[in-house]
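A.B. asks: the sequence isn't on hand, but the structure is:
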């Protein structure tokens, strides 16, 4: 094997913005939990997904990366590829909100639309992959490089000079929690990780109970759009099956309430998925009493109309 | 003079949370300005006012501090006094929003109501001061200790390891800008400070033009409630008269637009007063081109109804 030429990539550890630690004493008092927040809402592209996307895009040799995402991973991958001088193709449903399409394009991604009534996103991605055999097809969560990228957040939290017994973070495909567990293990501190999952999208909780991956029949209708995944990824499951302390299954109304509490008591704009951790504390406060807890607020990208409706008291689902 | 007993006060520099630096490349691109944000929305009590309040409360010998404030200074002073084991009385109009009254009480302040149709806030404060001669009566801006406290933000910004030509910050009574100028001078870097003032409350801009303090006839009706002051303070004017590069007078609609842009492009919940700096960049972008600019977002405490109305496109004034 030839030696690779020296590449002058900026490592993720230098490029990712450190998570923003936010003290939230009023929120902590309201919840009755010793709490601080780790907000990824000010990360590049507004969510933790940049950690995964940059890790992946910088480590695969391909100069073209394709993914299907109408959400944060699409924006993150578009931006990561732009920074690396690579090309990204983001497959999005024709029904995607225009602000999301605009954001991907603003970050330099090429948007490929798919009419999901005629063809699934996966089919469209496979089609594109056949046309462009040089491309790497990226999963938003089920990839060792994604977990590696997200592990940087776990390492950051474990390295904080403050008491920390337990990290609570959203679970969708499992990329974030498996990454956090990996990062904490690397540092070697006895910090537990608890997943927060919408009750109407509780495939991960059911998987833990069953001892194998359980899949949702259809995309779950939760206000936490980042958790509308069909199942955990295989790579994630291998870590989560014995790496999680547990999963709290959160009612939709608690997700909306958590979003409002973050607004009112911590001045933090969170997307509903990002509020899942706080929603878990609302749902099962007794599980977190007398422990130093960090809630990861995973992202802040939420449409103005959706957010306004939540502030007005709604827990409606909006695409 | 007797030697004072050793007091074990925590200095402000250790207690205040460092300002939160937020990169906002999408906002910068939209405004066409090389920009980052210094957010005080995650400061103790949600605004920069804690710097002033703690500085003042920790340095006066009095164990009771009285102020008139229906806004951020009241909350900040209540919290600062609680931390210091002192008592605070916050005079608030009977018409104050209940969330503001609740916040002051939650932070440990005693609320004294005044019916402003019968008596001015100042009269009520003077009345209380006569009843409690041991009290220190605190101004929210016109006090050397307030400026000293706010100077900690200027020093922080000047000490950043990044290019910085110009800091843009809101002007109400002038406590924040005079503090920032003082802090920057202490560090000794050639960084300019520009004030951002609502056009309908432009007494500071008129003062600069006149060469002396000009007063508003009545409390100005601006959406930026932190800038509804009658005039600059004397202590502030002494610094601002030749310490500011200038003042941008900002239309109400630009304040609302800046609040929306901070939400949409920087994931930041700002109160309208906190968005004044970004509003100045919207109003006079040409004054900031090709300069490294820091916008200070001075606070994030905004009522849910007011904020929702702004997100929905309004620039209405709400008490």
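C.D. replies: In hand now; what should we look at? Keep in mind that what you see is a predicted model, and the values were worked out from it rather than measured.
A.B. asks: got the residues of the stretch 201-319 of chain A near chain B?
C.D. replies: Proximity of the stretch 201-319 of chain A to chain B (C-beta under 8 Å from any C-beta of the partner chain) is limited to residues A:260, A:263-264, A:266-269, A:300-301, A:304, A:307-308, A:311-312. From N, CA and C alone the C-beta is placed, and that goes for glycine too.
A.B. asks: same thing but at 6 Å, please
C.D. replies: Taking C-beta under 6 Å from any C-beta of the partner chain, the part of the stretch 201-319 of chain A that reaches chain B is made up of A:267, A:269, A:300, A:304, A:308, A:311.
A.B. asks: and residue A:112, that one's in a helix?
C.D. replies: No. The assignment for residue A:112 (DSSP: H, G, I helix; E, B strand; the rest coil) gives strand, which keeps it out of a helix.
A.B. asks: who does it bridge with?
C.D. replies: Residues found in beta-bridge contact with residue A:112 (criterion: DSSP bridges) are residue A:91.
A.B. asks: show me where chain A has its strands.
C.D. replies: With DSSP state E applied, chain A shows strands at A:20-23, A:34-39, A:64-68, A:87-93, A:110-114, A:136-137, A:166-170, A:192-198, A:246-250, A:292-297, listed in chain order.
A.B. asks: for those, give me JSON lines that also has mean pLDDT.
C.D. replies: As requested, those are exported to JSON lines (pLDDT from 0 to 100):
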{"stretch": "strand A:20-23", "mean pLDDT": "97"}
{"stretch": "strand A:34-39", "mean pLDDT": "98"}
{"stretch": "strand A:64-68", "mean pLDDT": "97"}
{"stretch": "strand A:87-93", "mean pLDDT": "96"}
{"stretch": "strand A:110-114", "mean pLDDT": "96"}
{"stretch": "strand A:136-137", "mean pLDDT": "98"}
{"stretch": "strand A:166-170", "mean pLDDT": "98"}
{"stretch": "strand A:192-198", "mean pLDDT": "98"}
{"stretch": "strand A:246-250", "mean pLDDT": "98"}
{"stretch": "strand A:292-297", "mean pLDDT": "98"}
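A.B. asks: rebuild the ones you listed as CSV, extending it with distance to residue A:12 and mean neighbour count.
C.D. replies: Conversion of the strands of chain A to CSV gives the following (distance: least, C-beta to C-beta, whole Å; neighbours: other C-beta atoms under 10 Å in any protein chain shown):
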stretch, distance to residue A:12, mean neighbour count
strand A:20-23, 17, 18
strand A:34-39, 17, 23
strand A:64-68, 15, 23
strand A:87-93, 17, 23
strand A:110-114, 23, 17
strand A:136-137, 17, 19
strand A:166-170, 18, 27
strand A:192-198, 20, 27
strand A:246-250, 27, 22
strand A:292-297, 17, 26
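A.B. asks: looking at those, which is closest to residue B:165?
C.D. replies: Between residue B:165 and those, the tightest spacing by C-beta to C-beta is seen for strand A:20-23, at 25.0 Å.
A.B. asks: now do the closest one: everything it contacts.
C.D. replies: Contact partners of strand A:20-23, identified using C-beta atoms under 6 Å, 6 or more residues apart in numbering or on different chains, comprise A:36-37, A:39, A:42, B:42.
A.B. asks: before we move on, what about stretch A:166-179?
C.D. replies: A:48, A:141, A:146-147, A:150-151, A:157, A:180, A:192-197, A:204, A:226-227, A:229, A:232-233, A:236, A:239-240, A:273, A:276-277, A:280, A:291, A:293-296, A:298.
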